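Student: 3D, please:
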Amino acid sequence: MNIIARIRSSPRELLLFAAAALTLGMGFSMVDSTFNNFLEFRFRLSGFQRSFLEFPRELPGFLVVFVSAALSFLCSRRLAAAAMFFGAVGSILLGFASFSYALMIPWLFILSLGQHLYMPLASTIGMELAQEGRDGRRLGQLNAIRNFAAILGSFIVVLGFKYLGFSFTHTFTLAALLLTVAAVLFLNMKPMPVTAKRGFLTFHREYRLYYLLNILSGARKQLFITFAPWVLVSVLGQPTQIMATLFTIGGLIGILFQPLLGWTIDRFGERFVLSSEAVILIFVCFGYGFGKFLFSPTAAFYLICVCFLVDQMIFSVSMARATYLKKISIQPDHIQPALTAAVTIDHVFSIASALVGGLIWNRFGFQYVFLFGAGIAAVNFFTALKVRVPKKTGM
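Tutor: The predicted structure follows:
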């Protein structure tokens, strides 16, 4: 009853954003939990072909700062609606017009453009709707909603493929419908004033540590997006239902974990959270890379599943970087452009990481990809120790 009362007393804009987070979370979850198996079933890609596909998939992340600059006349909430439109179009075309590998690539690009346009907007809009000093908690609450959405989306995939005779076309169509609903919800939010010159193409020296943290995050995150699922699908031969089930379990854990992570950021600070993430990632990378060789097949499978779930949870540490930027920002209108610029910066290195990872996989074996990832995590640890937040002066 208390929860219902809190929902009723919440501001209209927050409720609309929460509803949008729910629907878009379901849509993108349905795509994420089926995409690797879709590639395996439809095109039978090699390890290198799969890693090379990350170039058109991640290229929108590099271009997002330029696209955002071109659309700078739109406020954050209207730009989010445009992002959902791109995502819906890309998803429906993937489902109905992927007649060949070459033709699938532009549809993937459009879908990915929608995903990457929205990445900095999730934090921007979330912090716009947060009370002073509670940015981490607000982002944690909103991420918990998206985790709940991931459960629903992945659960639909599990039920659909297991009992309802779903094809990949069904899941991509449902995802497109959900993203369209999210676009409508964003359009119904009250637009924020647009600063005449927001400087999307300006990089501020004062934020260089923030940019460096995103470079390292971009390089390591590609191991999760590309190679961690590929270990389960290709090396261990797991079916669609396993991937969807892992996303469901991860979403369920995240409902509790995300608000806790947000509270931890507000309570203990960004340096503690970011450095802890780096330490955990070192162990996760060793689990991915060497679990198969150190344990029985069954034990290795469960270990890699645990690593996948932990990796999925700490992916949300990105909100610590967002709150860090807000605390060090010179002026408020720097936040969205800097968040957007960071997406472009980290994708330069994530694309390079995917290509290098594919070459390492083919030349030396998949385990060395994750040894490379452990090295990135170690560098990330020492970089996170340099994070300092200026203290607020009293009145």
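Student: Who are the contact partners of Leu71?
Tutor: 79, 82 (Cβ atoms under 8 Å, 6 or more residues apart in numbering). Where C-beta positions appear, they are placed from N, C-alpha and C, glycine not excepted.
Student: can you do 10 Å?
Tutor: 78-79, 82-83, 117, 200 (Cβ atoms under 10 Å, 6 or more residues apart in numbering).
Student: most surrounded residue in these?
Tutor: When neighbours are taken as other Cβ atoms under 10 Å, the top entry among the contacts of Leu71 is Ala83 (28 neighbours).
Student: Closest one of the contacts of Leu71 to Arg363?
Tutor: The closest of those to Arg363 turns out to be Leu117 (Cβ to Cβ; 34.9 Å).
Student: If you drop the residues flanking it in sequence, what lies closest to Gly87?
Tutor: Gly114 (3.0 Å; Cβ to Cβ, 6 or more residues apart in numbering).
Student: now do Phe301
Tutor: Using Cβ to Cβ, 6+ apart, the nearest residue to Phe301 is Leu236, at 5.9 Å.
Student: sorry, back to before: is it possible to get the contacts of Leu71 out as CSV so that each row also shows secondary structure and pLDDT?
Tutor: Conversion of the contacts of Leu71 to CSV gives the following (DSSP: H, G, I helix; E, B strand; the rest coil; pLDDT from 0 to 100):
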residue, secondary structure, pLDDT
Arg78, helix, 91
Leu79, helix, 91
Ala82, helix, 94
Ala83, helix, 95
Leu117, helix, 91
Phe200, coil, 58
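Student: which one among these gets closest to Ile253?
Tutor: Nearest to Ile253 among those: Ala83, at 26.7 Å, using Cβ to Cβ.
Student: gap between the closest one and Leu177?
Tutor: 16 Å (Cβ to Cβ, to the nearest Å).
Student: how many neighbours does Lys211 have?
Tutor: Careful, residue 211 is Tyr; it's not Lys. 19.
Student: Same check on the one 3 residues further on?
Tutor: Using other Cβ under 10 Å, Asn214 is surrounded by 26 other residues.
Student: Arg363 versus Leu16, what's the distance?
Tutor: 50 Å.
Student: Name the residue in those two with the higher neighbour count.
Tutor: The neighbour count for Leu16 versus Arg363, taken as other Cβ under 10 Å, is higher for Leu16 (19 against 9).
Student: shouldn't that one be in contact with Ala81?
Tutor: No: counting by Cβ atoms under 10 Å, Leu16 sits too far from Ala81 to count as a contact (11.3 Å).
Student: who touches both of the two?
Tutor: 184-189.
Student: about what we covered before: can you list the contacts of Leu71 in TSV and add distance to Tyr211?
Tutor: Putting the contacts of Leu71 into TSV (distance: Cβ to Cβ, whole Å) gives the following:
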residue	distance to Tyr211
Arg78	27
Leu79	21
Ala82	25
Ala83	22
Leu117	19
Phe200	14
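Student: and which of those residues is nearest Ile156?
Tutor: Taking the contacts of Leu71 together and measuring to Ile156 by Cβ to Cβ, the closest member is Ala83, at 22.2 Å.
Student: contacting residues around that closest one?
Tutor: So Ala83 contacts 24, 64, 67-68, 71, 113-119, 121-122, 179, 182-183, 186 (Cβ under 10 Å, 6+ apart).
Student: same check, this time on Val231
Tutor: Contact analysis of Val231 by Cβ under 10 Å, 6+ apart lists 223, 238, 288-289, 291-292, 300, 304, 307-308, 361, 366-367, 369-370.
Student: at 7 Å instead, please
Tutor: 288, 304, 366 (Cβ atoms under 7 Å, 6 or more residues apart in numbering).
Student: Which one (most neighbours) among the residues you listed?
Tutor: Counting neighbours by other Cβ under 10 Å, the top entry in the contacts of Val231 is Tyr288, with 28 neighbours.
Student: what's the distance between that residue and Thr173?
Tutor: 33 Å.
Student: Hmm, Pro259 is touching Gln141, no?
Tutor: Yes: the criterion here is Cβ atoms under 7 Å, and Pro259 meets it with Gln141 at 5.6 Å.
Student: any idea of the mean pLDDT for the host helix or strand of Lys327?
Tutor: In this assignment (DSSP states H and E), Lys327 forms part of helix 318-328. In this model, helix 318-328 has a mean pLDDT of 87.
Student: Stretch 270-288 now?
Tutor: For stretch 270-288, the per-residue pLDDT averages 92.
Student: Equivalent analysis for stretch 172-183, please.
Tutor: For stretch 172-183, the mean confidence score works out to 95.
Student: Going by contacts, tell me the helices and strands next to the longest helix along the chain.
Tutor: Counting by DSSP state H, the longest helix found in the chain is helix 12-43. Packed against helix 12-43 by the contact rule (3 or more Cβ pairs under 7 Å, 6 or more residues apart in numbering; DSSP states H and E) you find helix 76-97, helix 101-128, helix 135-163, helix 168-187, helix 240-268.
Student: In it, which residues are buried?
Tutor: Using 16 or more other Cβ atoms under 10 Å as the test for burial, helix 12-43 gives 13-14, 16-40.
Student: Which of the helices or strands spans Asn214?
Tutor: Under the assignment here (DSSP H and E), Asn214 is part of helix 208-222.
Student: Thr323: what's it in contact with?
Tutor: 135-136, 265, 270.
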